[in-house]
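In: Just the structure for this:
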Amino acid sequence: MSFRRIDVDQYDEERFGEEELLAEYDSGRDPREVAAAVQSRNVDVRNLLQRGNSTGALAKALEDPPYGRNHDAAKVQNTQTVMEVLNQFRAAEIATAINSLDAAQREVLMKYLYAGLAKPEQFNSTLLLNWHKEVRGVEGIYRFECAREILSGLGWDYWPKYS
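Out: Predicted coordinates:
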């Protein structure tokens, strides 16, 4: 066996696992309750989109994201909802939509943008990069890199998890 293939971290007794890292951010909510809330929000977002209120749909989609462990299905569903809303905006409308959001919503939006960029086969990276550019122009990148809430583990422990 090559020494380059040995995972030296496996021998570290003080190493934290994903479960220990995520335990700090556990919401304590029942996964069924979270899934029901995400499903209800998804219906509300679709209704807003059908009425032509894309900005309201974006704000609603970013409301109360599912943080913590054991909420993987809800995270995936909420991410899909956010991405569907982002696809409804034309390039000229992005800046206006971002300015209508408060700082906390922009922070959550940036997390979803990174989650989408991590899955280029599922989501339109060009669109997400356009959104990223506009959000970064309003908030700056440092705010998002220092975020403490965990949506889940996509390599970094900030973004929604996909199976």
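
In: How about the secondary structure of residue 58?
Out: Put simply, residue 58 is helix when judged by DSSP: H, G, I helix; E, B strand; the rest coil.

In: Near the nearest residue to it once chain neighbours are set aside, how many other residues are there?
Out: Once flanking residues are discounted, residue 58 sits nearest to residue 85: 5.0 Å by C-beta to C-beta, 6 or more residues apart in numbering. All C-beta atoms are positioned from the backbone trio N, CA, C, and that covers glycine. Neighbour count for residue 85, taken as other C-beta atoms under 10 Å: 25.

In: Extract the residue ranges of this protein that are flagged as low pLDDT.
Out: For the chain, applying pLDDT under 70 flags the ranges 1-3, 16-27, 140-163.

In: All the helices of it, residue numbers only.
Out: Under the criterion DSSP state H, the chain contains helices at 18-23, 31-50, 54-61, 72-87, 94-99, 103-117, 125-139, 142-145.

In: Give me the contacts around the fifth one.
Out: This means helix 94-99. Residues from elsewhere that reach helix 94-99 (C-beta atoms under 8 Å, 6 or more residues apart in numbering): 54, 55, 58, 89, 106, 109, 130, 131, 134, 135, 137, 138.
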